[in-house]
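In: Model the following, please.
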Amino acid sequence: MTVFYDSPRFLPCGDTGLSVEFSDGIDRLVNDRVQRLFRHLRAKSFPGIADLNPTYRSLFIQYRPWECSFENLVLLVEKALEAPAEGQVRQAAPVRIPVCYGGVYGPDMDEVAAFHGMSPDQVVRLHTAPEYYVYMIGFTPGFPYLGGLDERLFTPRKKEPRKWVSAGSVGIADRQTGIYSIDSPGGWQLIGKTPLKLFDRQRPDPFLLSPGDCLQFIPITEDEFESYSHH
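Out: Numbering: from 1, shown residues only. Okay, the predicted model is just below:
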């Protein structure tokens with residue numbers, strides 16, 4: 001059960017970091033508070049703040065202590081938390097993520113389906129039904145941690161992680177689903193793959209997704225995957 005703190009906790013992280021924690025668990029309302037503080041501080045461009053990293057339940061602030069002391073940073077954050085919400089943030093349409101499920105692109109699909117006593121088609125239907133929420137980006141550049149997976153698809157991660165998982169692979173691990181943003185090791189159950197690049201240094205904004213975004217998975221065929229890849 002998620003415990004909401006009466007007031008956020010301010011935890012020093014070394015000499016140049018502050019973690020502002022709102023709760024001890026994962027909850028959409030908690031993450032909304034994280035995102036609200038993140039947007040406020042980012043919009044104001046306060047001197048001394050070097051970087052902002054929102055997570056499930058906290059905001060990590062990297063700062064330059066020679067420009068802003070820890071004590072002053074805490075005061076600044078407390079003031080930001082008291083500021084009225086700046087209107088309702090308009091929720092953009094969900095980002096559509098095409099995915100080719102099963103086969104060579106989803107080598108663990110049959111294992112996941114068998115674990116739940118389903119057919120692969122049932123797994124696809126359940127996986128593509130929700131609108132997912134991007135709680136945070138982490139693990140590798142651009143990797144989205146998503147909320148909204150149907151509990152009927154909760155699946156233990158692999159007992160032995162793979163040494164190499166290709167970018168774009170879509171997987172399930174316990175209560176989460178996510179997309180590998182770069183080639184990397186990984187232990188998630190791979191059920192499909194998207195031809196979209198979640199992380200591309202050549203783009204003005206290298207990240208396809210940001211915390212607070214919503215997305216929906218759209219099933220495509222192998223032929224459609226190949227045509228995307230050649231665009």
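
In: In stretch 146-162, which residues are buried?
Out: For stretch 146-162, burial by neighbour count (16 or more other C-beta atoms under 10 Å) applies to 146-149, 153, 155, 158, 162. Heads up, the C-betas are built off the backbone N, CA and C, glycines and all.

In: Paired strands for the top strand by length along the chain, with orientation please.
Out: The single longest strand within the chain, with elements called by DSSP state E, is strand 4-13. Within its sheet, and counting by DSSP bridges, strand 4-13 is paired with strand 17-23 (antiparallel).

In: Name the residues that touch the partner strand?
Out: 2-5, 8-13, 30, 33-34, 37, 57-63, 70, 73-74, 77 (C-beta atoms under 8 Å, 6 or more residues apart in numbering).

In: go with 7 Å
Out: Applying C-beta atoms under 7 Å, 6 or more residues apart in numbering, the external contacts of strand 17-23 come out as 2-5, 8-13, 30, 33-34, 37, 57-63, 70, 73, 77.

In: any idea how far it is from the chain center?
Out: 18 Å (C-alpha atoms, centre = their mean, to the nearest Å).

In: what helices or strands is the host helix or strand of V74 leaning on?
Out: Assigned by DSSP states H and E, V74 falls within helix 70-82. In this structure, helix 70-82 makes packing contacts with strand 4-13, strand 17-23, helix 28-44, judged by 3 or more C-beta pairs under 7 Å, 6 or more residues apart in numbering; DSSP states H and E.

In: got any ranges where this protein has weak pLDDT?
Out: For the chain, applying pLDDT under 70 flags the ranges 1-4, 85-92, 229-231.

In: for it, what spans make up the strands?
Out: Taking DSSP E to define them, one finds strands in the chain at 4-13, 17-23, 49-54, 58-63, 95-101, 132-137, 144-147, 162-165, 169-173, 176-179, 184-186, 189-193, 214-219.

In: Switch those over to JSON lines; also include distance to L126.
Out: Below are the strands of the chain laid out as JSON lines (distance: least, C-beta to C-beta, whole Å):
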{"stretch": "strand 4-13", "distance to L126": "30"}
{"stretch": "strand 17-23", "distance to L126": "28"}
{"stretch": "strand 49-54", "distance to L126": "28"}
{"stretch": "strand 58-63", "distance to L126": "31"}
{"stretch": "strand 95-101", "distance to L126": "11"}
{"stretch": "strand 132-137", "distance to L126": "12"}
{"stretch": "strand 144-147", "distance to L126": "14"}
{"stretch": "strand 162-165", "distance to L126": "22"}
{"stretch": "strand 169-173", "distance to L126": "11"}
{"stretch": "strand 176-179", "distance to L126": "10"}
{"stretch": "strand 184-186", "distance to L126": "22"}
{"stretch": "strand 189-193", "distance to L126": "11"}
{"stretch": "strand 214-219", "distance to L126": "11"}
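
In: Just name the most buried of those.
Out: strand 189-193 (a mean of 26; mean count of other C-beta atoms under 10 Å).

In: hey, C-alpha coordinates of it in PDB?
Out: Extracted in PDB, the C-alpha atoms of strand 189-193 (Å, rounded to 0.1, in the frame of the first residue of the first chain):
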ATOM      1  CA  GLN A 189      10.300 -11.300 -21.200                       C
ATOM      2  CA  LEU A 190      10.300 -10.100 -24.900                       C
ATOM      3  CA  ILE A 191       6.900 -10.300 -26.600                       C
ATOM      4  CA  GLY A 192       7.500  -7.900 -29.600                       C
ATOM      5  CA  LYS A 193       9.500  -5.100 -31.100                       C
END
